[in-house]
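Peer 1: Need coordinates for the following:
(one chain, ligands or ions: 1)
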Amino acid sequence: MLDKKTLFSAVQPSGVPTIGNYVGAINNFVKLQDDYNCIYSIADLHCLTVRQNPAELRQATLGLLALYIACGIDPEKCIMFVQSHVHEHAELTWVLNTITYPGELNRMTQFKDKSRSHADNVNMGLMDYPVLMASDILLYGTSVVPVGADQKQHIELTRDLAIRFNSRYSDTFIVPEGIIPKYGAKIMSLADPTKKMSKSDENLNAFISLYDDTDTIIRKFKRAVTDSDTKIYFDPENKAGISNLLTIYSVFAGVSIDEAVRQFEGKGYGDFKIKVGEAVAEGLKPITEKRLELMKNKDYLNKVMIDGAEKASRIARKTLSKVYRKVGLYRAE
Ligand code: AQP
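Peer 2: Numbers count the residues shown, from 1 in each chain. Now for the predicted structure:
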């Protein structure tokens, strides 16, 4: 346990996770859990950067923990905790804010996108999101961060902040690396394959949520936007919709992209879409069963959450006290 490197990642309970979150992140969390000391957070503080329904946020937080476990993350091997249960995240953010420049945050793609899609609520938290994310990662001596492609820019900022702090105040933080999957790092919207699939998309047909039932999954795939060609092959630039479906199929059917292309050679788009839907529905079935079972046992979920927060706090406390000492905050002993 001790000789392994630390891995940190998180998902926001900003709605029900999609197959994009699953393929780009959660599925890899499961695969990596034996190779690293893994810490998986439920990033509820990040959610506050866009308007949330408080009751739904609370429910989604518990639901995401159940989903993590149902997907195969083992609470005996990994630390799972809710971000707001470890106050050091917010505190380190304050310190890191003092070494972050507004221009660095202003040019973040996610900030620009979300400022457009939430034009009536462009708040400081939305702009500061990447600094909170840097704190999440740096608090735990993290070496690797498995994320989808949309988070690449934020990981780069995290690295910059770690290097900047270390050179200003002496070596303190490990400079982390992002792990971005070769395929599936950016699952695209089913309604607009030039756009990332997102759990907060207003168009419910744009994404497959991990809570969708079989009929809904198949119906959404049947309606997936593709192109006017008839051939099925992998070319993300010119055939974004079909390439997206091939990527999704390859993950859920457990075959390579080449094998997926071979399986659908000569087949029509209609058949192909149904087969993708069936593979996804089949893959999600055991996860749904386990999740619903876990949701009946709130005491167990609360226990995992409390244990996780305790373990995470122990590490975070040490890092933050080191940071406070380095920057010159007086501690009365
Ligand atoms: N479409 C995607 N394809 C591959 N990976 C994805 N991720 C998100 N969307 C895709 C990865 O999932 C992890 C958790 O993401 P998050 O919940 O923290 O925030 P996000 O990236 O903003 O995800 P969403 O679904 O788009 O959420 P909303 O709609 O609330 O903004 C990250 O590793 C992310 O890369």
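
Peer 1: Now do the residue of the chain at minimum distance from the ligand, the pLDDT please.
Peer 2: Distances between the chain and the ligand by Cβ to the nearest ligand atom are smallest at Gly24, namely 1.9 Å. The C-beta positions use only the backbone N, C-alpha and C, and glycine is treated the same way. Looking at Gly24, its pLDDT stands at 93.

Peer 1: And for Ala332?
Peer 2: We have a pLDDT of 88 for Ala332.

Peer 1: Regarding it, what is its secondary structure?
Peer 2: Three-state call for Ala332 (DSSP: H, G, I helix; E, B strand; the rest coil): coil.

Peer 1: Would you mind naming the residues that bridge with Ile179?
Peer 2: Pro146 (DSSP bridges).

Peer 1: Name the residues of the helix ranked longest in the chain that come out as buried.
Peer 2: Longest helix in the chain, counting residues (DSSP state H): helix 298-327. Using 16 or more other Cβ atoms under 10 Å as the test for burial, helix 298-327 gives 301, 304-305, 308-309, 311-313, 315-316, 319-320, 323, 326.

Peer 1: which one among those residues gets closest to Pro176?
Peer 2: Lowest distance from Pro176 to the buried residues of helix 298-327 (Cβ to Cβ) belongs to Thr319, with 13.1 Å.

Peer 1: Phi, psi for the residue of the chain closest to the ligand please.
Peer 2: phi -80, psi -30 (degrees, to the nearest 10).

Peer 1: any idea how far it is from Asp215?
Peer 2: Separation of Gly24 from Asp215 (Cβ to Cβ, to the nearest Å): 25 Å.

Peer 1: The two: which has the busier surroundings?
Peer 2: Gly24 (26 against 10; other Cβ atoms under 10 Å).

Peer 1: What residues does that one make contact with?
Peer 2: Each residue near Gly24 by Cβ atoms under 8 Å, 6 or more residues apart in numbering is listed here: Val147, Gly148, Ala149, Pro181, Gly184, Ala185, Lys186, Ile187.

Peer 1: Filter these down to the buried ones.
Peer 2: Here, 16+ other Cβ under 10 Å leaves Val147, Gly148, Pro181, Gly184, Ala185, Lys186, Ile187 buried among those.
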